[in-house]
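Asks: I need the structure of the sequence given here:
(chains A and B)
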Amino acid sequence: MTKGFAIIMYSGEAEKFIPLGVLTQTAANLGVPVRIFVTGFAMLYFLKNKPEPRFSKEFEDFVPKIHEGMQKIKAPSWYDMLKDAKEIGDVKVYVCSLMAQVAGVSKEDMDPIVDEIVGATYFFKETADYEVIFI
Amino acid sequence: MSENIIKVDARGMACPGPISALTRAYRKAKNGDIIEILATDPGFKPDVQAWVERTKNELLELTEEGGVIKARIKVTAKKA
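Replies: Numbers count the residues shown, from 1 in each chain, chains lettered A, B, ... in the order given. Take a look at the predicted model:
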């Protein structure tokens, strides 16, 4: 089994946050460390003031079905899965310092789920032995 | 010696909910305890086997009846 997962969360599309939650929580359950590097449009959803979820255009017609299905199986939100994973395991959420600067936000604007604002160098060094997942 | 049985009802929970529920129970468990978990997630069977292998505990029973999967796990790998 891998030493850890380095998840680079780039996309801001709402459906891509589901695997982020599932993979992170699963790794935590197995005792595998996870470091998440939040960058790109994903960063907006790690702020205290989050925009409305936006699904990808080409699957827009499928969105109500996803909502319905998620409710039916009582699936927790990606945010709750991440929170849970942080409680259970060794999980850290980092926000890309470049994106934070681009958006003009600082640590105080971040959701409490965020551990730190860091640069890519720090992230790569910390996750040197990990497997990378790009979302 | 009587065994301490910890019951976890994860029926209706979707992946990875049942394994998270198991992990939570495991965190509080002691070596020698038995965790008895019920789940309906269709991926639970291979998932619980993988979890047991990874965490090096012991799977005593894995059965399915009427869509409900039951796993009994003996806690053996807790560090003192």
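
Asks: Spatially nearest residue to B:Lys78 (excluding sequence neighbours)?
Replies: Distance criterion CB to CB, 6 or more residues apart in numbering or on different chains; nearest residue to B:Lys78, sequence neighbours excluded, is B:Asn31 at 4.9 Å. Quick note: C-beta positions are derived from backbone N, CA and C, even for glycine.

Asks: What's the local residue count around that neighbour?
Replies: When neighbours are defined as other CB atoms under 10 Å in any protein chain shown, B:Asn31 has 12 of them.

Asks: same thing with the one 4 residues further on?
Replies: By other CB under 10 Å, 22 other residues sit near B:Ile35.

Asks: which helices and strands does the longest helix along chain A pack with?
Replies: Secondary structure of chain A read by DSSP state H shows that its longest helix is helix A:17-29. The contact analysis (3 or more CB pairs under 8 Å, 6 or more residues apart in numbering or on different chains; DSSP states H and E) places helix A:17-29 against strand A:5-9, strand A:34-38, helix A:78-88, strand A:91-96, helix B:17-28.

Asks: what's the most buried one of these?
Replies: Ranked by mean neighbour count under mean count of other CB atoms under 10 Å in any protein chain shown, these are led by strand A:34-38, which reaches a mean of 25.

Asks: where does the chain dip in pLDDT?
Replies: By default, I'm working from chain A. In the predicted model of chain A, no residue satisfies pLDDT under 70.

Asks: that's the wrong chain, I wanted chain B
Replies: Low-confidence segments of chain B (pLDDT under 70): B:1-2, B:80.

Asks: what ranges do the strands span in it?
Replies: B:5-10, B:34-39, B:58-65, B:68-74 (DSSP state E).

Asks: Chain A: which of these is closest?
Replies: Of all the strands of chain B, strand B:5-10 sits nearest to chain A, with 11.4 Å by CB to the nearest CB.

Asks: ok, now which ones touch B:Ala77?
Replies: Contact analysis of B:Ala77 by CB atoms under 8 Å, 6 or more residues apart in numbering or on different chains lists B:31, B:55-57.

Asks: Find the nearest non-adjacent residue to it, please.
Replies: Spatial nearest neighbour of B:Ala77, excluding adjacent residues (CB to CB, 6+ apart): B:Lys56 at 4.2 Å.

Asks: now the one you found: how far from B:Asn31?
Replies: 12 Å (CB to CB, to the nearest Å).

Asks: which neighbours do these two share?
Replies: Residues within reach of B:Lys56 and of B:Asn31 at once, by CB under 8 Å, 6+ apart, are B:76-77.

Asks: State the number of residues packed around the residue nearest to B:Ala77.
Replies: Residues lying near B:Lys56 (other CB under 10 Å) number 8.

Asks: Can you pull the residues of chain B lying near chain A?
Replies: Residues of chain B that fall close to chain A, judged by CB under 8 Å from any CB of the partner chain: B:12-17, B:19-20, B:22-24, B:27, B:50-51, B:54-55.

Asks: wait, what's in contact with residue 19?
Replies: I'll assume chain A. A:Ile135.

Asks: Hmm, no, I was thinking of chain B.
Replies: Contacts of B:Ile19 by CB under 8 Å, 6+ apart are A:26, A:29, B:44, B:47-48, B:51.
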